[in-house]
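Undergrad: give me coordinates for this.
(2 chains)
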Number of protein chains: 2
Amino acid sequence: MKKPTHIGMDLQFEWEDVNAFVRQPDGSLFSWCERYHFYRHLIYGIVNKSQSDIILKWDAEEIYWGPGESLLQRLESEGIVRQVFPIHVETKRKELLGSWALNWLDFTKQPIDNVYSYFGTKIAVYFAFLGMYTRWMLFPAVLGLISQLIDFGPFQLLVLPVFFVCITLWAVVFFQFWKRKNSALLTKWQISYSVGADPGYDLGYKISGKEWSSIQSPVEIAGKEEQDRRKDKEKFQREEWFGAFLRVRNDAIVILSIICLQLPFELAYAHLYEVVGSDVIKFGLTAIYLFLIQHFTRIGGKVSVQLINHEKNVSREYRADSLVYKVFGLYFMQSYIGLFYHALLHRNFMTLRQVLIQRLIISEVLENLWENSFPYLKYSYKKHKVRKKKRHEKGSTKGRIQFASRVEKEYLKPSYSASIGEELEDGLFDDFLELALQFGMIMMFACAFPLAFAFAALNNITEIRTDALKLLVMMKRPVPRAAVTIGAWLNIFQFLIVMSICTNSALLVCLYDQEGKWKIEPGLAAILVMEHVLLLIKFGVSRFVPEEPAWVRANRVKNATQAQHLCSKRLLRTISAREQRFH
Amino acid sequence: MKKPTHIGMDLQFEWEDVNAFVRQPDGSLFSWCERYHFYRHLIYGIVNKSQSDIILKWDAEEIYWGPGESLLQRLESEGIVRQVFPIHVETKRKELLGSWALNWLDFTKQPIDNVYSYFGTKIAVYFAFLGMYTRWMLFPAVLGLISQLIDFGPFQLLVLPVFFVCITLWAVVFFQFWKRKNSALLTKWQISYSVGADPGYDLGYKISGKEWSSIQSPVEIAGKEEQDRRKDKEKFQREEWFGAFLRVRNDAIVILSIICLQLPFELAYAHLYEVVGSDVIKFGLTAIYLFLIQHFTRIGGKVSVQLINHEKNVSREYRADSLVYKVFGLYFMQSYIGLFYHALLHRNFMTLRQVLIQRLIISEVLENLWENSFPYLKYSYKKHKVRKKKRHEKGSTKGRIQFASRVEKEYLKPSYSASIGEELEDGLFDDFLELALQFGMIMMFACAFPLAFAFAALNNITEIRTDALKLLVMMKRPVPRAAVTIGAWLNIFQFLIVMSICTNSALLVCLYDQEGKWKIEPGLAAILVMEHVLLLIKFGVSRFVPEEPAWVRANRVKNATQAQHLCSKRLLRTISAREQRFH
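TA: Model (predicted):
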């Protein structure tokens, strides 16, 4: 366990030196994520230290607890312990409910520090992002309203291009300032992220474990190191290239299957919807479509998880990011291909606007309701079933059945898990996905429907509360995660900005050329498409090819870890002793 | 002075602990850059420690050396010491001459480690870049030759677009791999650059100086810090915004003056050159143009330096980068506006190709000759003058006059300084500028003249030798600099790639549409221009707005520095003691 000290360095924590360490914003010594991992480590660390089996008795059963075996794992495999999960802290939960989830006075202000101490970094970062995004959203919302409500007379023609330029600049500046906000938050929470990028948590651990021996006697190792360095470097290079090859292959599989399988399907639906006249058939068509697409998405998610399990990703957060990229492709097609079809191919702006309003208002409201009521209904049903069972066991039909404990009640609550790829992601996946799809919708079709921003702003103000409520009331307390940024989603948002520049230009062309007078030669069109693809590649490569070879990175992390181990003990004792003298 | 130790941490260097520190690739304990700064520190550190003036005698003059005054500074102001500069090491210089500058067998392979130990990081990084660039250049060179020499029959139409796609991918991948190579080089040279980005050298020093007191007793300070932290943060924020404002204002001044003053001038020249028939007048026109543009550039450089001196940049390398951005604008206009004019406005491909060949071959050859002969001629003239003077003093006209020492001879050599903004940059500015202009020329007009890559490759193989020769033979040994990457130039190269995607698309349009049949409506053209500008802004902002607020960065650097100071002494003694036992 490494923790920042008062002198600002991450050092090995030891109990005697407790005074030397910086405390969390809420005064506790360890963050919630750290505490959670301690607890798990402790309770899973109870092993049978004797030489022979120990026999445990439960009802009539006898359980053999083998030597060296973890007690909890044994009990889990026998089904006696059903699940190990963190439970809510009632006082803090109620406090947060009042100051956060049910606080409608502060529109976008949230008690982020308290959220951080209660839920950990990743969830706090999500809500910080959502709050800042909503706050900044007010600017394009007002702009959109103005552009629709005021008549600019002779300048009316310029309104949409100006609006387009403004929102693009807004989005670009917003995300740059979000990065700054994120790093400021991490400094405030005393999280250092300099060594080995953000999700380097696992990497640091692995290496410090492997190299533990060298820490005892750095000098002997220094000699050996010279010989091993070349070997290590070659090993890292080989692994890096092999990993890159696997990832490229998998991405190619995903992209090809999306283009070959999903794209025709989506286009067929959009075309049929456009062609069919009767509203009843339209409704039926949509129902069939929704049913099929649900299945398609689920299969896609499973395939992605399978592919990712064959990749060599450094840590859990890398795997989660890899899933996000792959699955977002599916959702992107699913959400926008129909819109593109109406907007660009058929130049049917009425249908486009209809679909946009429909999606933004109806589906978001419905989704929010569903998101919040479905878990609650599930929970109620489960509770009901358990009550019935208990009543049955007791044999009496009268009187309220009380639950044995709060823990039992919480066990029945659904866990905060993702709708797709549960193994790698938690519920934040769905929340971020919703946000990204909304962002794509309002940005990419901004010129067709400038009011969208106002709807989105209103929706997000509600979203903060409903998401908070979901976490505090409906769900089990989520397992804290180590990620300190919004990770893959940032790149997806950036990608959507670039896409929106292109689609809005295309929309403007369609809008100004209602009569179809502007001809574009096929040759010119081909060149333009090629140019855009190349620009996309240019900016994609610098994001996806790491700037530092794996062996350089490993070297850096190893060095930092080794050095810290070596100097921590001696140093700490001094500081701690001094502190005690002063306090 | 901080140095990496065997355990891989930067620690305060102390002589007793010498065994704990890692040595340079050439076996010496300190890098050339570090040694240079030590020497300067030592010789400028000789001060008059007595209470009263000391009288020094020189010929008939008497010099008063005031108390606390640096001896060398006094002598410099009196003109007795003319210049303090590093001189060449003859054995190493000869070795490098043989293995590097005069070695024509290894086309692009260079003894980079030796260059690093002799010239320091920045120059070694330049030559590593030049070597890798030339090596990679062979691929597009061959491709260009194939595309021009082989007739593809029915696919001839596709040759140029395919070539365009290939070279774009080549350029994108090359620069990503250069970044990897750069970080690998730094690891090899034991330079750690994790704390506070690359040119953080100065920042680290400044802060460690300011905070020195707190290192003595971190505990007392910890209390005060809590109160001061908010103040510090506000101060940093104010400074950051003010600095950003100044920089934006200055950039706006530079960009506006380039567009308003230089652009019309360049266009006028290109237009006159196109219109005028007679070759004599063309020649005269070019002469006048060259004369004027020289002056214009020099004035531009001076204005830029003035502007930069009013900016608040953290270190010397930041100031140098700022100069590079500003001055490159001038050169960009000067080098390419004429070409754009011929290519895009007049669609005159013959003139474009002529101008390209002329610039690539004639001007590069001439420039290389000039670059190498002018300093030599200057040196010879100076030597001659000094000889004449000495002969005159001696009164004899017979016999060869020998120079008193090698130092005197080297003093006459020109110093390695930039042609523009000497105060902030050294000779590398010109070398990088030449490379960047060449890259822009071959990339942006690739489709008009695919053979350019072959010429550039040949030129660069020579360029490695001539630049090396210049450094080893013609010039004084340059002052080593702390920069560890190619800095601002990387961004300029990236910008040129983006430009080249756009210009080549335009060139392809012109080439396929010789008869001018492809019409583009003004509305469509306006939208396309707007789209491209927005895309450029999108990718510009993320480069020029730092992702970390200044106070977060300062906090991080301060913490790292403080902690290292605190633990270095105690730790080192242990390691050093152990090492001595083992050796």
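Undergrad: which strands and helices lie in contact with the host helix or strand of residue A:433?
TA: Element membership of residue A:433, judged by DSSP states H and E, is helix A:428-444. Helix A:428-444 sits against helix A:121-149, helix A:316-340, helix A:364-394, helix A:452-469, helix A:488-512, with contacts defined as 3 or more C-beta pairs under 8 Å, 6 or more residues apart in numbering or on different chains; DSSP states H and E. Glycine gets a C-beta too; all of them are placed from N, C-alpha and C.
Undergrad: could these go into CSV alongside mean neighbour count?
TA: Below are those laid out as CSV (neighbours: other C-beta atoms under 10 Å in any protein chain shown):
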stretch, mean neighbour count
helix A:121-149, 19
helix A:316-340, 21
helix A:364-394, 14
helix A:452-469, 20
helix A:488-512, 21
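Undergrad: looking at the ones you listed, which one has the lowest mean pLDDT?
TA: Of all those, mean pLDDT reaches its minimum on helix A:364-394 (a mean of 79).
Undergrad: now the angle between helix A:428-444 and that helix, please.
TA: Going by axes from the mean of the first three to the mean of the last three C-alpha atoms, to 10 degrees, helix A:364-394 is angled at 160 degrees with respect to helix A:428-444.
Undergrad: helix A:364-394 packs against which elements?
TA: So helix A:364-394, by 3+ C-beta pairs under 8 Å, 6+ apart, packs with helix A:406-412, helix A:428-444, helix A:452-469.
Undergrad: hmm, 7 Å instead?
TA: helix A:406-412, helix A:452-469 (3 or more C-beta pairs under 7 Å, 6 or more residues apart in numbering or on different chains; DSSP states H and E).
Undergrad: give the other helices and strands that the last one contacts.
TA: For helix A:452-469, the elements it packs on are helix A:121-149, helix A:364-394, helix A:428-444, judged by 3+ C-beta pairs under 7 Å, 6+ apart.
Undergrad: please enumerate the strands of chain A.
TA: Taking DSSP state E, the strands of chain A run over residues A:2-4, A:10-12, A:54-58, A:61-65.
Undergrad: now do the third one: everything it contacts.
TA: This means strand A:54-58. Applying C-beta atoms under 7 Å, 6 or more residues apart in numbering or on different chains, the contact partners of strand A:54-58 are A:48, A:62, A:63, A:64, A:65, A:80.
Undergrad: which members of these are classed as buried?
TA: Buried members of those, scored by 16 or more other C-beta atoms under 10 Å in any protein chain shown, are A:48, A:63, A:65.
Undergrad: from these, which has minimum pLDDT?
TA: residue A:63 (82).
Undergrad: so what pairs up with it in the strands?
TA: residue A:56 (DSSP bridges).
Undergrad: I figured residue A:346 was touching residue A:274, is that so?
TA: Yes: counting by C-beta atoms under 7 Å, residue A:346 touches residue A:274, with 6.4 Å between them.
Undergrad: state the pLDDT value of the closest residue to chain B within the stretch 301-450 of chain A.
TA: Using C-beta to the nearest C-beta, the closest approach of the stretch 301-450 of chain A to chain B is made by residue A:447 at 10.5 Å. Note for residue A:447: predicted pLDDT of 89.
Undergrad: got the phi and psi for it?
TA: phi -70, psi -20 (degrees, to the nearest 10).
Undergrad: list the contacts for it?
TA: Taking C-beta under 7 Å, 6+ apart as the test, what residue A:447 contacts is A:160, A:164, A:504, A:507, A:508, A:511.
Undergrad: for it, which non-adjacent residue is spatially closest?
TA: Nearest non-adjacent residue to residue A:447, counting by C-beta to C-beta, 6 or more residues apart in numbering or on different chains: residue A:507, 4.4 Å away.
Undergrad: give the contact list for that neighbour.
TA: Neighbouring residues of residue A:507 by C-beta under 7 Å, 6+ apart: A:343, A:445, A:447, A:448.
Undergrad: buried subset of the residues you listed as a ChimeraX selection?
TA: Remark: buried members of these, expressed as a ChimeraX selection using 16+ other C-beta under 10 Å:
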select /A:343,445,447,448
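Undergrad: save the helices and strands packed on helix A:452-469 as TSV, and put in distance to residue A:34 too.
TA: Listed next are these as TSV, based on distance: least, C-beta to C-beta, whole Å:
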stretch	distance to residue A:34
helix A:121-149	11
helix A:364-394	28
helix A:428-444	19
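Undergrad: between those, which gets nearest to residue A:333?
TA: Taking C-beta to C-beta, helix A:428-444 is the member of the helices and strands packed on helix A:452-469 nearest to residue A:333, at 11.6 Å.
Undergrad: near chain B at all, stretch A:536-552?
TA: Yes: Stretch A:536-552 reaches chain B (C-beta under 7 Å from any C-beta of the partner chain) through A:537, A:538, A:539, A:541, A:542, A:545, A:547, A:548, A:549, A:552.
Undergrad: which parts of the stretch 101-250 of chain A are helices?
TA: Along the stretch 101-250 of chain A, counting by DSSP state H, counting those that start in this stretch, helices occupy A:112-119, A:121-149, A:156-188, A:201-210, A:212-216, A:218-257.
Undergrad: JSON lines please, covering these and showing distance to residue B:524.
TA: Output for the helices of the stretch 101-250 of chain A, formatted as JSON lines (distance: least, C-beta to C-beta, whole Å):
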{"stretch": "helix A:112-119", "distance to residue B:524": "47"}
{"stretch": "helix A:121-149", "distance to residue B:524": "22"}
{"stretch": "helix A:156-188", "distance to residue B:524": "13"}
{"stretch": "helix A:201-210", "distance to residue B:524": "51"}
{"stretch": "helix A:212-216", "distance to residue B:524": "65"}
{"stretch": "helix A:218-257", "distance to residue B:524": "30"}
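Undergrad: out of the ones you listed, the one nearest residue A:94 is which?
TA: Nearest to residue A:94, of all those, is helix A:112-119, at 11.5 Å by C-beta to C-beta.
Undergrad: report the buried residues of the closest one.
TA: Applying 16+ other C-beta under 10 Å to helix A:112-119 flags A:112, A:114, A:115, A:116, A:117, A:118, A:119 as buried.
Undergrad: gap between stretch A:67-86 and the chain center?
TA: Relative to its parent chain, stretch A:67-86 has a centroid offset of 29 Å by C-alpha atoms, centre = their mean, to the nearest Å.
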